[in-house]
Every structure is written in C-alpha cells, then in structure tokens.
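Peer 1: Coordinates for the following, if possible.
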Amino acid sequence: MKKSPSAQSTLLNSRALLGVVAAAGVTLAGVFFPTPAKADTATCASTPTQVVTDPVGDQGVGNATQKDITAISVGEDYTYIGSPRMVFVLKVANLTSIPSDEIWRVRFTVGATVYHVSMLSDANSNVSFAYGTYSGNTVSTLGGIEAGTYASDGTIKMAVEMAKVGSPAAATVITAINGVTQKNIGGTLFTGQDSTSNGTYTVKAKDAACTPVTLPPVGVNATYIKGGMTFSPSAKLVAPYIGQDVEPSLRVDKFGNTYIAPIRGVPGGTDLFYFDLRPTVSSLANPTYDPFMRNPIYRGQPDSISGSEDVAVGGDGGGDVDMAVGFNSEAIEDPNAPPTLAYSSLVLANISSQRSTDRGATFLKNPAGNLTGGVPGDDRQWMEFFGNQYCYIIYRTLAPAITQVQRSIDGGLTYGETTVVGTIGQVGGVDVDQNDGTVYIGGSNGVVAVGVPIVPGPPGPTSLPPATYTVYNVAGTGNAHLFFTVKVASDGTAYACYSDDHNILVKYSTNKGVTWSAPIRVSDGPETFTSVFPWLETGPTPGTVGVVWYGSDKATTGDDNADWHMFYALGTNLTGTTPIFRQVEAADHVIHAANISEAGLVVGGMSPNRNLADYFQIGFDPTGAAVIAFTDDHNDIAGHTYATRQISGPGANNGASIPAPVEGSGLPAPLYEPLPTAASVGGIIGSQVSDFRDDVRIGGNPGAGGVVVLPVDDPADILSVLYSAEGTGASPVLVCKMMVSDMTAIPPSTIWRMNFAANAPNSVVSPTGQFTFGLSDRGDQFYVSANTDATGVQTFKYGKSVRNFDGSITSTDLGNADSGAFDMANKTITVKVAVSKLNAGLAVGRPLIGNGSILAGLRATAITSNNGSGSNLADTARGGTQFQISFPVALASLSSVKTHGGAGQFAIDLPQTGTPNDECRSGGANGDYTLVFTFPNTLTSVSGATVTAGTGSVTSSGIGADTRQYIVNLTGVANAQAVTVTLSNVTDSASNFTALLPGTMRVLVGDTTNDSTVNSADIGQTKSQSGNLVSGSNFRQDVTVDGTLNSADIGLVKSKSGTALP
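Peer 2: Numbering: from 1, shown residues only. Presented below is the predicted three-dimensional model:
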C-alpha cells in the first residue's frame, strides 16, 4: 500500500520503533541505519495492559465489523535512549480489509491536555498514522507517531514518544482513555460509529534489566507490508554421490528456462538442475510447465571430468559456480534455439568454462576457461550476458586480491584479454545494462565499479567492452556480510544491496554510479533482527526489485541458539518518495539451527558453522513470480540445495498478481516419498531414508571419501534405511535396518551408522512427502551403528551426536546396542536398541522418548577406512522423513447408549468396520446422544473429544466409572448423517498411545430394520412390537426412548419414511 501525501509529510521526521511490527499488515516507519546493539525488548518493552473492554457488535447499524472496537491496552517501550514511548493497542473485530476514509482513534488525558493517536485511511484505503490534541470538539494533528502497525485480526498498535504527549513520568496516571471509530465524510466532518467507556493507566518505570540502545538515524521512509504472498512447498534437490551441494546460483531466462547450480567443493565439481517454468511453448500451453517446482531435472555435472553420470572422477572445479543466460530479442522462444546458458566453475588454478545451447542437456567445455586472457590463481567468479552473444566474467586474483574482468564473444565458452578493475575487496556480483553495455561490479569494500563502453549502445556486432572502470563508494566498509551485490534494471537504474549485519539495505543510482540514494531498509521486524546473505534481482517495472536473505531474531550471527529463516521482499516504487516492501518468509520451514559463518572459506583455524556456505540467489520468471534457490541443513549432515517459487500475491510485473498455478498436462505425477524412491534403487519399500545406487566415493580421507565413483555395488553403498519399533508401549525397542547394494562379503574397518533425533521441534513432514521440517540440531541426536574392526570382528553400538560450533558433527558411543545382525542374503544390517537406554543418555530436563515420540534427522553414513591406502570408501544418505514410535491404543468397541425410561439402558453397537449399525432412536428435540468408547486396557489420560465430521457438538466428555471407557455426550446431532467424534491423545495403562482416535456413528431415526432406509418394513416391524415390554430384543423399535412401545413410536417411524443413508 502507498501512504497518502499527508501521511508522508507527517512521517518524514518520525523514528522507527524497533520490534513493533504486525504479523500481517502495514508498518509505516522511517528507515534506519546502521542498527546499534540490540536492546532486550522483553525487559524494555512492557506487555500492554488492557484498560478498556467494549461490547462486541455495537458499531452501529450498517457499519462493518472493522469499526467495532472490542478493547484498548496501554504499555511502555524504553528500547531507545532519549526516546521512551507510550504504546496504545486498539483492538477491533478484524481488519481483513481496510475501509476507505476511516479513523481509528485512541484518546487519553495527560495532565490537563487531551491527546490522540490515530490510524487513518484515505479514499483509496491507504493507511497513515498520526498524533495530536483535542480542544473541545476540535481535533488537531501535530505529526507522525514513532511506529504504527495493524494486523488482519484487528490489532492496531501505535507507539508515540512520551515527549510528544505530555511527558508522562513513571507513576503518572493517564486518565480518560477511550477509543472511537469515525467516518470522514469530508474535510473536518466526521460521523461516529463506535465509542468506548473510559479507562485509566499508571505509567510503569523502566525495568532495571533494560539497557536502552542508541536511536538510529532517520533515512528514507518506506511502507512495510507483511504477508500476501505464498510460495510453493520447498523442493529438495538431490544428486548422486555428494556430501554437500551448496551456494546455488540461479538463472531464469526471459522464457522461463530455469537453472540451479550448487557446488560440491574442489575437486568435486558442480551440479546442474533444470526446471521448466515456461508457461507456454510456441504460444501453446506448455505440457511440462512446473509452477510448483516439484519436477527437478538433473542435468549432471557440466564441469565433470569423465563426462559420465555413471563414472565420476571429480569435476573441473567446484570451488565456486556461476551462470548467465542470454538476452534474446525474439518475443517467442524458438524451441530449438533457447537462450544460451554460459557456465563456469572455479578450479584452484583458474576458472573452467562451459556453454550449452540446449537448456543444459549438453555442454561444450573449455578447461582453460579464463586462462586464455586472464591471470591464474583466481577466486569467486560472477557472470552476466550483454545481449545473447557477449558474456562478461569477473573474479579476483588470490594475492594480491585485484578484481579482473574478461569478455566472451562466443556465448561464454572462451574469454578475451583481462581488464583490471582494481582493489574493491571480495567481488559481489556483476550486471550489464542491456541498453548501452555499461558494466557494474560490486565489491565488499562497499563500492561499485562502473565501466562504460567506449561506444555505448545496445548489443551489436561492433560492441566493445569498457576500457576502464571507475570505483564509486556506495556504503563504505563493514557492509558486505556476503555479498555486496549490484544489479541494473531495464530503465538503467543501478541498485546495490547489502547487509550491515542487522538490516538488509538497498541504494540506487540513476547516473551510472556517480551518486547514490540514501540507504533504504528492506528487512523489517524482530523476526529478522539479524539479516545476512542478501541477494537482489530487478523486475521489469521501474523501481521494482526482489530481495532475499537469511534472518533470525537473535542479536548476532554467532548465536548457536538462532533459528534461521529465508525471507523474500518485493520492493516497489524504490525510486519514488515512498518505497513499499512486502515481506514474507519464503521457505516453509526453518532452514538452519546454529550460528552462521560470514568468514568465507577459512584455511587453518576454526571457522564458525559454514554449512550454508556464502550466498543464495533469486530470479523472476515470465509471470513475475520470484524463484529462489537456497542452502539448508536442517535435516542433513551438511548443507544442500532447496528451491521454491512464488505462487500467489503481487509479482514483479507491475504488481500484477501471480496467475494461479496450473501444471502442464504432461508433468509426471508427484511422488510423496524420499527421492530417489526406495523401489527405484532396490531398497526396502517404505523406508524413511533412501540413497542413489552405486554412488560410493572412493579415495580421499576416511571420513569424507573422495571424488571417484564407479558404477559397482558395494557393502558401503547405502540404498535405504527403515526405522520401526517392537516391544510394547511401556518398553519400546527401536529397530534400524539399512539395506546396501552388495554383501557378498562383510568388509573390515567399516562403520555403518544410522542417525535419528528425538525431541526435534517442527517435526512434521513436508507437503512434498520427501523430508521432515524437524530441526535435528535442536533435538537430542542419537545413532546406532554396526562396526567391523581391522580383523573383521563385529560390534553393534548406540551413541549420541552433537553439532559443533564449526558445523561438524561429533559422534560418541554410549554403549552396546541390544542386538545387531548382518543378513548377507538380503543385504541388510539391523541394529536394535531399547528406548530406555536412549533415555539414560538424555540431558537432565529433556523429555523422555517413548510411545508417540517422533524421530527426525533420519540419515545414514557408511565408511570403509583402509589406513590411507587410497581405497577409503564413503557414502552418505541424506535426511529423509520421520518415524513415530507408535504402539496405538486399540478401540474394543463403540456404542450409542440411551436410557429407555423405566426399561433401563440399552446400547447399539457401532462397528467401525464391516456392516454398520445405524442409530435409529430419536435424540429428542435437541438431538442428544451418548457415545461410549470402550478399550481393552484402563485409560490413564485422554485430552478431550471433538466432532470432526458431521453435524453435532460435544457437551461433555470424560473417563467413565469403568475406567476402560470414555463417555462423550453430544447435542445438536442431525438426522440422516454420519457424525465422527475424535478423541485426542489417548493413553492407556500399557503406555499405548494414539494422538487422534476417531469413532463414527450413523444416525437414521426410524431405521429399526437397520438397512439404512426408513420404509414400510420399519413401520411394520414397529407395529408388530406395539404393546410389548421394552427388552434387549426390541428396544430398537422404542424410537421415542420412553420405555414403552406404542403409537408414538409408529408415528415417528412413519414421519421419517423415505429417509436413507448411503
């Protein structure tokens, strides 16, 4: 949303309230930079106290619920030195939409002056915030408040400096606090809608534990919107024989061909994945269109030395990777001539180059790469096309670190002479203005180097590269935080994006880098207080950018308790007076649960956790949707690449909404299990962990293996791992079974390890069915292992694993497993351990593992060590789904019980399988019924019961006098339906547990013959019993449940004739 002109003028000198944001809504605040040390908001900002309650629905006839005030709360915020604030929270019924020309106001009295803080909407429903005074009925606006937010649940939060509203000191009593909603009908004319009674509030002193921080300076004002965009389920990208796959480069060409390339590290090479995000092909709907990014096509290793997916001997690089796609001029893609894909991979001595003209299916390779005109010994290359022929590559030399640039005239296969850019620090990206060929290069010194061609102009056969580069200071040192990146938009505006280690900031230049705007803060809210690893892409609409970053609510990147999220913000109107940022969390799970290294590759000494490597990237597809590839280690031993695409909300194409995703008709059906599937590799069906066949790494060190892979089966070649449990709910035993591709012989000096983590937060399975969201590094990590020593002696162990500060994992044996066995015929290794042994290894205070516990972090390794002989073997199976230790509570029976007057109680059994029994008796005027769940064992606890299907509600429930029974009383049960009641968290005396236990009752009043139809047979049967005593053989005919069989029963059955159940 855009602020009204009046709102902009009042907010230019306002200051942002750090930590006051809306879960969904708008924050209007001054941009600030740099951020000082973090105050403890838990002690500096009080929890607002409710001082006014107002009836629901009293906003007046014809007025929307957005105008219905329900409560007012008041608090303080002492976060900033010299700027204490009063915080007023006005709660209305909802703000799912903003009515136009409205006012939401809190009025209050300090001393003799009546003040107000207000949220206002204009004719276009744009929101602004203000404060002022009352004098009688005259309202004056004095300026902007420090921060204002609203949320869709109707919470309006407004913070104003105490100095602006009478400087109330601690113990000051603020009186006559009330709220009002009004309609602005023109000028200063208002009509009232809802108003409240008065409340009072006593100002609290600053908490002694609060240490305020310096108030940041004011920068460019911006509007911050939370929510309103959604992303596809994060897709896990898998490739064979890898230990890690990180730092994904991402490119999307103008037609939607999408490439993601992560690195393994030198000399492991790189991997390439292709996604088809082309909505149309030859102007027709694309049958392989993949808007949910669920069908990654693995293109292998473009820098592979062997050129084979079956036999690998490493890659011609893998230290860094980058790509570029050509800017073709045609409006409709030639299916046989897509934009060129230029590719590069960092080797220790140089940068190898590759080129594809068939969407990455095949490559021409140039091992010499940049060496033909460049300098050996390079680091961190970046690439970009100018047109569809010229491709620039930049990098820096190792010592001294001087940035170089070279240009290719053959689509990125070979490169010409080097042009020296200068000493700009670590290079952070390159972009080329497609209008005139100006080259922009970002550097970690906070600078941008700009090269203007000798003859500026669009790409053509005579285009020449820049001969020199001018370095412009943009933000100064200390603002890289991986990386200081630069992009140029289609209108020639250049944008620099960087982190000050807390905020993500953007600057822009409209004069080729000579001057730059003030910084504009992108990241917003305490959920991303520390924000790093930014990347930027420009949209086709002037002033539009997409920015991604990793953020946490902790004060530093070095905090091992930080949970890191991946954020995306769409920025619009950046070059206008009021930039707008819409921010969401783009990944559907926490991607990292530890500290983050910003040191790059540390040679010697201990580095912080570098599992996320150094960067990730964003692009836009033809619909304007953001496409993101990122690194993630929440479920893995090391970092690996995931991808996601925006599927709703405003896009980069002039803010137009992203079209609803419709997959191509020829896209393969989804596979809701870990990939590769266990069946496809010959593993155990149903396994929670799977791995590629014949992907054992040969050579290297014993812990990681090497880069040589041969297409042969091996005892260290993991195919799958299946986790299960045996024993009883009171004494469960965990069973871990690994299948390998060969067990002709059991090798010596080998460890087969199967990992799992209990008590891991967020343990639910991804909508893709391929992995769990569980944070293994926040759980209690264990393993079981099968081991052979140098003589082949077998042992079976269990132990604990711990993620270290540097990102590695240390595993320590705790003792012998209960049992273990090699099954050579079936090529499996099974290890069993009693859960009681695992519980003995838990730290004090940690929840015990038992029936119902969920295990996440399921993964495996196999390592054969041959004492440095060069024949070390290693295989890693990536993190899979999850396993719940489950010994469910058994339901013995379900019945509907009613009392038939003086005849006593009778129950209709309700079998849950096979032929059903219908409840044929009336529930009376209110539809009352009683269900009795009966179990084999005594119940120890049940959380409750709810109606989960059908019409009805629970009035009461509880364990009965017979403690094997759980009794549920229902009301409002409709006729001719099936109603399902679900018990939650059922535990019995044998420690069996079921989280959700449903029971269904079919209700068809008058169906005395139990054939699911009420007709003449039921009428006749009821007539035949008229006058008889109610007994166990005829109580079904007493449909009125009064203990007698008479004309009333016959009449009720007749009235229901013709009703039926399926």
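Peer 1: Helices along the protein, start to end?
Peer 2: 5-11, 41-44, 678-681, 835-840, 1016-1024, 1047-1055 (DSSP state H).
Peer 1: Just the residues contacting the fifth one, thanks.
Peer 2: Under the criterion Cβ atoms under 8 Å, 6 or more residues apart in numbering, residues 920, 1006-1009, 1011, 1037, 1039, 1045, 1049-1050, 1053-1054, 1057 lie in contact with helix 1016-1024. For the C-beta atoms, the positions are set from N, CA and C on the backbone; glycine is no exception.
Peer 1: where along the stretch 451-600 of the chain do the strands fall?
Peer 2: Under the criterion DSSP state E, counting those that start in this stretch, the stretch 451-600 of the chain contains strands at 470-473, 485-488, 494-499, 504-509, 520-521, 530-538, 545-552, 565-572, 580-585.
Peer 1: the domain parsing of the protein - what is it?
Peer 2: Per the record, the chain has its domains at 49-215, 230-648, 715-880, 893-1060, by the TED database.
Peer 1: closest one to residue 689 among those domains?
Peer 2: In terms of Cβ to Cβ, the element of the domains of the chain nearest to residue 689 is domain 715-880, at 3.8 Å.
Peer 1: gap between the lengthiest strand in the chain and the chain center?
Peer 2: Assignment by DSSP state E gives strand 173-186 as the longest strand of the chain. Centre-to-centre, strand 173-186 and its host chain are 40 Å apart (Cα atoms, centre = their mean, to the nearest Å).
Peer 1: Could you list the buried residues of that strand?
Peer 2: In terms of neighbour count (16 or more other Cβ atoms under 10 Å), strand 173-186 has its buried residues at 174, 177-184.
Peer 1: One more: stretch 113-133?
Peer 2: Buried residues in stretch 113-133, counting neighbours by 16+ other Cβ under 10 Å, are found at 114-122, 126-133.
Peer 1: which ones among the residues you listed are found in strands?
Peer 2: Applying DSSP E to those, the entries found in strands are 114-121, 127-133.
Peer 1: Not counting sequence-adjacent ones, nearest residue to the most centrally placed residue in the chain?
Peer 2: Centroid-nearest residue in the chain: residue 588, 2.0 Å away (criterion: Cα atoms, centre = their mean). Nearest residue to residue 588 in three dimensions, chain neighbours excluded: residue 234, at 5.3 Å (Cβ to Cβ, 6 or more residues apart in numbering).
Peer 1: so how far is residue 776 from the one you found?
Peer 2: Separation of residue 234 from residue 776 (Cβ to Cβ, to the nearest Å) stands at 16 Å.
Peer 1: the more surrounded of these two?
Peer 2: residue 776 (31 against 24; other Cβ atoms under 10 Å).
Peer 1: For the residue lying closest to residue 565 once chain neighbours are set aside, give me its contacts.
Peer 2: Closest residue in space to residue 565, ignoring its immediate chain neighbours: residue 585 at 5.1 Å, by Cβ to Cβ, 6+ apart. Counting by Cβ under 8 Å, 6+ apart, residue 585 makes contact with 527, 565-568.
Peer 1: Ok, residue 783 next?
Peer 2: So residue 783 contacts 753-756, 798-801, 811 (Cβ under 8 Å, 6+ apart).
Peer 1: Give me the nearest residue to residue 895, chain neighbours excluded.
Peer 2: Sequence neighbours aside, residue 907 is the residue nearest to residue 895 in space, at 4.1 Å (criterion: Cβ to Cβ, 6+ apart).
Peer 1: Quick check: bridge partners of the one you found?
Peer 2: Residue 907 has these beta-bridge partners by DSSP bridges: residue 897.
Peer 1: So among the contacts of helix 1016-1024, which ones count as buried?
Peer 2: 920, 1006-1009, 1037, 1039, 1045, 1049-1050, 1053-1054.
Peer 1: farthest-separated two in these?
Peer 2: Distance extremes for these: the farthest pair is 1007 and 1045 at 16.3 Å, using Cβ to Cβ.
Peer 1: For the stretch 801-950 of the chain, just list every one of the strands.
Peer 2: Counting by DSSP E, counting those that start in this stretch, the strands of the stretch 801-950 of the chain are 809-816, 819-823, 828-834, 854-864, 873-877, 883-884, 893-899, 905-909, 918-919, 929-934, 939-941, 944-949.
Peer 1: Please render those strands as CSV that adds distance to residue 92, mean pLDDT and mean neighbour count to the earlier fields.
Peer 2: Shown next, in CSV, are those (distance: least, Cβ to Cβ, whole Å; pLDDT from 0 to 100; neighbours: other Cβ atoms under 10 Å):
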stretch, distance to residue 92, mean pLDDT, mean neighbour count
strand 809-816, 50, 97, 13
strand 819-823, 63, 98, 16
strand 828-834, 56, 98, 23
strand 854-864, 39, 96, 26
strand 873-877, 53, 93, 25
strand 883-884, 42, 96, 18
strand 893-899, 44, 98, 18
strand 905-909, 49, 97, 15
strand 918-919, 44, 96, 26
strand 929-934, 40, 98, 22
strand 939-941, 40, 96, 16
strand 944-949, 29, 96, 16
